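# Build the 3D model from these lines:
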Amino acid sequence: MVYLPIALVNLWGASTLHSSPELAARLQTVLDHTMELVSAVHIACAQTMTARRAQSYCSYILSIYTTTFSYLAPAHSWWCFPFERLIGILQRLPINHKFGEFENTMLCSYIKTTMFCRWLARLDCPPAVQECRDIFDGVYAPKSSQNSSQEFAEDPMNDTIRVPDCAMTSAVPDDLYTLLRRRTAILRATLKFDSVIYSRASTHLGNSQILYYPRGDRTLTPVPASIKYIYGTLTGELVFAAQRHLLLDPHYNTINPFSFYPDFPAKMYLTGLESRLENVKVTWVVSHFA
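Below you'll find the model as predicted:
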């Protein structure tokens, strides 16, 4: 859903060259039709629904769906993907091709397991049973592949990244000094938060590309940037020092082919970066980008 429309826009969109005007017109028609479908799916899967989005969806598909989305709200509240996923899990269970009592056995086992877990969570659960629970958790609970205190700094409880106790300070580069106004700081190459790995550009370029809300204001449009440094503040929080990507220069008549499809969330920027560094907290980041 992401790669196909981006590829088609770059191959068939505005300012692309083709062997004949007829072929260019035909490909543009196919592209417009495809992008209408993609935009409709994007609107249907949005986390929020507005009157403008409902009207756009109406223009892409059918007018009857405007009333449907007005009453049902975002598709996340009523779609069936979780149930389809559960069905897939059940279908992969080994049953040795024996049917009949399988469904009843599975249902009873699920109920017994749920009741047993609920009993273990009660305050009046016997200490001996709780001790057995701790043993089983230690044996079967999933473990991280690496020690987070050594490789990453992560604190998912309060969504703040803390500097590890064993971290050492380093000399601050000149461009970072203009932002920090101090000569030493804790510098990191990578950082993991919410199961997402972020890196400085010199370590891994792909993991350094981020979309974030400027100053953490979620009413603003996210902007793309590249992480140049990951450093620790005086309060012990790890923060990004990032450079924004430059906007397309209208003086060079550069056409953004995605501007013709306002309901498809893609936009072109230059590969060049601003010279100015700015602080970006991890919780301001929306996602990586390409």
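# next helix or strand past the worst-scoring helix or strand of the chain on mean pLDDT?
The helix or strand of the chain with the poorest confidence is helix 148-151; it has a mean of 42 (mean pLDDT, DSSP states H and E). For helix 148-151, the following helix or strand on the C-terminal side (DSSP states H and E) is strand 170-171.
# Contacts for that following strand next, please.
The contact list for strand 170-171, computed with Cβ atoms under 8 Å, 6 or more residues apart in numbering, reads R183, T184, A185, I186, L187. Quick note: C-beta positions are derived from backbone N, CA and C, even for glycine.
# 10 Å - rerun?
The contact list for strand 170-171 (Cβ atoms under 10 Å, 6 or more residues apart in numbering) reads Y177, R183, T184, A185, I186, L187, R188, Y231.
# Which member of those is positioned nearest A51?
Using Cβ to Cβ, Y231 comes nearest to A51 of the contacts of strand 170-171, at 44.0 Å.
# which residues does the closest one contact?
163, 169-170, 172, 176, 179-180, 185-188, 200, 237-241, 279.
# Beyond the longest strand seen in the chain, next helix or strand please.
Across the chain, the longest stretch assigned as strand under DSSP state E is strand 223-232. As assigned by DSSP H and E, the chain's next helix or strand after strand 223-232 is strand 238-244.
# Each with direction, which strands does that following strand pair with?
Sheet pairing of strand 238-244 (DSSP bridges) gives strand 223-232 (antiparallel), strand 278-280 (antiparallel).
# With respect to burial, which of these scores highest?
Comparing the strands paired with strand 238-244 on average neighbours per residue, with mean count of other Cβ atoms under 10 Å, the densest one is strand 223-232 at a mean of 21.
# just the helices in this protein please.
3-12, 21-44, 51-60, 64-72, 81-91, 102-120, 127-140, 148-151, 174-180, 205-208 (DSSP state H).
# Domain boundaries for this protein, per the record?
3-77, 81-140, 148-288 (automatic domain parsing).
# least reliable of the ones you listed going by mean pLDDT?
Per-stretch mean pLDDT for the domains of the chain is lowest at domain 81-140 (a mean of 73).
# Relative to the whole chain's centre, how far out is that domain?
30 Å (Cα atoms, centre = their mean, to the nearest Å).
# Repeat that for stretch 42-57.
20 Å.
# Buried ones in it, by neighbour count?
For stretch 42-57, the neighbour count (16 or more other Cβ atoms under 10 Å) marks H42, I43, A44, A46, M49, R53, A54, S56, Y57 as buried.
# That one: end-to-end distance?
9 Å (Cα to Cα, to the nearest Å).
# Ok, stretch 278-288 next?
End-to-end distance (Cα to Cα), stretch 278-288: 17 Å.
# And for stretch 117-126?
With Cα to Cα as the measure, what separates the two termini of stretch 117-126 is 13 Å.
# Show me the contact partners of it.
So stretch 117-126 is contacted by V129, Q130, C132, R133, F136 (Cβ under 10 Å, 6+ apart).
# Next up, the contacts around the second one.
With contacts defined as Cβ under 10 Å, 6+ apart, the neighbours of Q130 are L120, A121, R122.
# do the same with the third one
C132 makes contacts with L120, P126, as judged by Cβ under 10 Å, 6+ apart.
# Fine by me, we can end here.
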